[in-house]
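# build me a model:
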Amino acid sequence: MALKSLSRLESLSVRGMKLGLGAIDALCARLGRPERAFPSVLVGGTNGKGSTAATLAAIAHACGRRSGLYTSPHLMSATERVRVGAEDVSGTTLDAALAATFEAADRVPAIGLTYFEAVTAAAFVILRDARVDLGILEVGLGGRFDATNVAPARLSIVTSIGLDHTAELGSTREAIAREKAGIFRRGRPALVSATDADALGALEAAAAAAGAELHDAAREISVRHVSTGLDGTAFEISTPAREASLQTPLAGKHQAWNAALALRAAELLSRELGPVSAETARRALAAVRWPGRLERLVVSRGRAVILDGCHNPDGAEAVARFLDDAGLDGRCPLIFGAMADKDVEGIAAPLFPKMAEVILVSAAPPRGASPEELLRRTGVFARKVRTAPDVRTALAILAADSDAAGRAPIIVAGSLYLVGEARSVLLADEPDGEGRS
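Residues are numbered from 1 along each chain as shown. Below is the predicted model of the structure:
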């Protein structure tokens, strides 16, 4: 059966953006205000928001609540953007919600939509129709003018403040913090994490102006004794409600903090979730699924591939720290591609010196930087560097190594579009279609 509305969605510009709430607000009004039909949480931040949102959704599910999760972007299929419970929605479910969305938008006067506005509205429809007890919504860009911000959130989370999307959000962490604080709600808790003093000050000022109840995560959460490797991350946590030793399958020491943020968020949602026992927390964290973020796949030749969408300098530094922690410094080859408008020099500086060699490839043309442009801008940071036309070719070059099974993992990092392409190639090459370790 042809999924006509999904095809129409794909005809829109995936990477186009339009800051402002006018279109999404008018569309939601025509759809009967689906965003108001369920309690919601808005999760914004420069890095860590997706992992935190996925973990909070897993906690809600483990508490016996019908959870909904909306994230972006997707890696392989648009259906990855919406989960009900532990499962991604089907293509037919997303197509039906998009059909209702486009029908509403096409009424006179027509509402012009971006890809993100259309799929956000469809997600609201799906979560309403699924009668979720709690919807966790990842903010796409910034906060104040992001399409998700029409939802009347019970809790707002800002996971981190870094320099990304500076053309749209501002050139300083303080300015970016003000944009992300646009998701705060009067009389509602706002859980924030920011290591930069100016950014934290901006969040505090914005919470006071909005009448939100500020919770500074650094004052309320302690994370210690963190250990990480290819199989996940173990840590100890203290919050106002618990002391616990926990483990998440997500790799990287930064994932301990993301998990802690999600647990503290769950504590602040006691009315919606009830108490979260130690056993519930352990079961929830064990079930977290967040592909493309230090995700390990094992290909048929026996060599592991680690995928990570580190598309800004803070994300690259997190991957570099993980390589140190896992004893992989200087041992792994890297396949790297990024958008031309990204700070590729800032990404390469901490990441490339940790690699045995770097293969530069094109990611998501036409916005993706060419291998030749990447070589010009970042080649100086690598011990050894070469180019390939695309990720499939680069993977084939490295897979041809006769001693592949005994070698350190291949890292594929940079743009999430590149990671999605690599994941599609790797899983398609496996006989059972599943290569995750």
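# residues near S227, how many?
Neighbour count for S227, taken as other C-beta atoms under 10 Å: 12. Backbone N, C-alpha and C define where each C-beta goes, glycine included.
# can I take it that it is in a strand?
Yes - under DSSP: H, G, I helix; E, B strand; the rest coil, S227 falls within a strand.
# grab the nearest non-local neighbour of it.
A234 (5.1 Å; C-beta to C-beta, 6 or more residues apart in numbering).
# ok, now which ones touch that neighbour?
H225, V226, S227, T228, S245, L246, Q247, A256 (C-beta atoms under 8 Å, 6 or more residues apart in numbering).
# again with S67
S67 neighbours (C-beta under 8 Å, 6+ apart): A57, A58, A60, H61, R83, V84, G85, V132, D133, L134, G135, I136.
# from those residues, which land in strands?
R83, V84, L134, G135, I136 (DSSP state E).
# how near is the second one to P34?
For V84, the distance to P34 equals 14 Å [C-beta to C-beta, to the nearest Å].
# shouldn't R186 be in contact with G211?
Yes - using C-beta atoms under 8 Å, R186 is in contact with G211, at 3.8 Å.
# circling back: what touches both of V84 and P34?
L127.
# which secondary structure element contains the residue nearest to S227?
Here A234 is covered by strand 232-239, with elements defined by DSSP states H and E.
# how many residues are close by P152?
13.
# quick one: V223 is in a helix?
No - checked against three-state DSSP, V223 lies outside a helix; its state is strand.
# per-residue confidence at it?
Looking at V223, its pLDDT is 98.
# so what sits opposite it in the bridge?
Listed by DSSP bridges, the beta-bridge partners for V223 are I237.
# was I right about it contacting A260?
Yes - the criterion here is C-beta under 8 Å, and V223 meets it with A260 at 5.0 Å.
# re earlier: among the contacts of S67, which one lies nearest to V43?
Nearest to V43 out of the contacts of S67 is I136 (C-beta to C-beta; 6.4 Å).
# quick one: contacts for the closest one?
By C-beta under 8 Å, 6+ apart, I136 lies in contact with S40, V41, V43, A53, L56, A57, A60, S67, G68, L69, Y70.
# looking at the residues you listed, which are in strands?
Taking DSSP E as the definition of strands, the contacts of I136 contribute S40, V41, V43, S67, G68, L69, Y70.
# show me which of those is closest to V358.
The closest of these, once distances to V358 are taken by C-beta to C-beta, is V43, at 32.3 Å.
# returning to that earlier point: turn the ones in strands among the contacts of S67 into JSON lines, including pLDDT and distance to P313.
Compiled in JSON lines, the ones in strands among the contacts of S67 are given as follows (pLDDT from 0 to 100; distance: C-beta to C-beta, whole Å):
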{"residue": "R83", "pLDDT": "98", "distance to P313": "29"}
{"residue": "V84", "pLDDT": "98", "distance to P313": "35"}
{"residue": "L134", "pLDDT": "98", "distance to P313": "33"}
{"residue": "G135", "pLDDT": "98", "distance to P313": "31"}
{"residue": "I136", "pLDDT": "98", "distance to P313": "27"}
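# now restrict the residues you listed to buried residues only.
With burial judged by 16 or more other C-beta atoms under 10 Å, the buried subset of these is R83, V84, L134, G135, I136.
# so the first one makes contact with H74?
No - contact between R83 and H74 fails when scored by C-beta under 8 Å: they sit 11.4 Å apart.
# ok, how many other residues are close to the closest residue to P249 other than its chain neighbours?
The shortest distance from P249 to any non-neighbouring residue, by C-beta to C-beta, 6+ apart, is to G232 (4.3 Å). Applying other C-beta under 10 Å, we find 19 residues neighbouring G232.
# who's in contact with G232?
So G232 contacts Q247, T248, P249, L250, A251, Q255 (C-beta under 8 Å, 6+ apart).
# how many other residues sit next to the fourth one?
Looking back up the chat, that one is L250. Neighbour tally, L250, other C-beta under 10 Å: 23.
# how about it, phi and psi?
Note on L250: backbone dihedrals following degrees, to the nearest 10 are phi -80, psi 130.
# check the first one too.
Per-residue torsions, Q247: phi -150, psi 140 (degrees, to the nearest 10).
# and what of the last one?
Backbone torsions of Q255, given as degrees, to the nearest 10, read phi -70, psi -20.
# how about the fifth one?
The phi/psi pair for A251 (degrees, to the nearest 10) reads phi -90, psi 150.
# for G45, see how far away the closest residue to it other than its chain neighbours is.
Nearest residue to A251, sequence neighbours excluded (C-beta to C-beta, 6+ apart): L294, at 4.0 Å. L294 is 17 Å from G45, where distance means C-beta to C-beta.
# same thing with V276?
From V276 to G45 the distance is 22 Å (C-beta to C-beta).
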